[in-house]
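J.: sequence and predicted model, in that order:
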Amino acid sequence: MLKQIMFVTLVGLVAAPAAALACGGNKKEVTTVSVDQAKEMKPAFVDANSSDTREKLGVIPGAIMLTSYSEFDATKELPKDKRKNLVFYCSNEMCSASKVAAGRAMEAGYSNVAVLPVGVKGWKAAGQKTVKPKLGNS
C-alpha cells in the first residue's frame, strides 16, 4: 500500500509540470502598471467593465469599451496596430475582467499589453478624470 501511495505521488509530481505546460503554463504573463506608469505610456485604455459598472464609476476618457471582456472580437474592437500600447482596466483589484481581456488581446497577437490593477476606482482615487460612458458604446 505504501509503495502504491509513493508511486502515485511521484507520478503526480512528474506529470504536474507537463500538464501545466500542456495547458499553457508557459504563456507570457500580463504586465501590470500603476496609474502614473499608465499615463506615461500614452496608451489606448481598454475598459473591460460591464455597462452597469461604467454607469456607476465612469470611464477613463477616450477608453475603448469592450462589448464583453471574455468574448470581444479583437479585430473589430481593438486598434488595428497590434504594437499599440494597450492598458486594460476593470473596476478594482478584486476584479479579474481586465486580466482576462488582456490575455485575449495577447492571444490575438497584441504585443504591448498591460493591466491597470487598481482599475477605474484607483484611477479616480489618484485624482484622475473619468467621464460618463456614451450611450450605445458600452
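T.: Everything's here; your move. Numbering: from 1, shown residues only.

J.: ok, residue 90 to residue 81 distance?
T.: As for residue 90, its distance to residue 81 is 23 Å (criterion: CB to CB, to the nearest Å). (Each C-beta comes from the backbone N, C-alpha and C, glycine too.)

J.: more crowded one of the two?
T.: residue 90 (29 against 11; other CB atoms under 10 Å).

J.: how about the more buried one, what does it touch?
T.: The contact partners of residue 90, by CB atoms under 8 Å, 6 or more residues apart in numbering, come to 47, 48, 49, 53, 69, 96, 97, 98, 119, 120.

J.: dump the residues you listed to CSV, plus pLDDT, distance to residue 34 and secondary structure.
T.: Listed next are the contacts of residue 90 as CSV, based on pLDDT from 0 to 100; distance: CB to CB, whole Å; DSSP: H, G, I helix; E, B strand; the rest coil:
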residue, pLDDT, distance to residue 34, secondary structure
47, 98, 18, strand
48, 98, 18, coil
49, 98, 19, coil
53, 96, 21, helix
69, 97, 21, coil
96, 96, 18, coil
97, 98, 19, helix
98, 98, 14, helix
119, 98, 12, helix
120, 98, 14, helix
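
J.: what about burial for these, which qualify?
T.: 47, 48, 49, 53, 69, 97, 98, 119, 120 (16 or more other CB atoms under 10 Å).

J.: the third one contacts residue 57, correct?
T.: Yes. Shown here, residue 49 and residue 57 form a contact pair, counting by CB atoms under 8 Å, at 7.3 Å.

J.: hey, what's in contact with both of those two?
T.: Common contacts of residue 49 and residue 57 (CB under 8 Å, 6+ apart): 91, 120.

J.: residue contacts, the closest residue to residue 60 other than its chain neighbours?
T.: Nearest residue to residue 60 in three dimensions, chain neighbours excluded: residue 45, at 4.5 Å (CB to CB, 6 or more residues apart in numbering). Applying CB under 8 Å, 6+ apart, we find residue 45 in contact with 38, 60, 62, 63, 64, 87, 88, 89, 116.

J.: repeat that for residue 48.
T.: 66, 69, 88, 89, 90, 97, 98, 100, 101.
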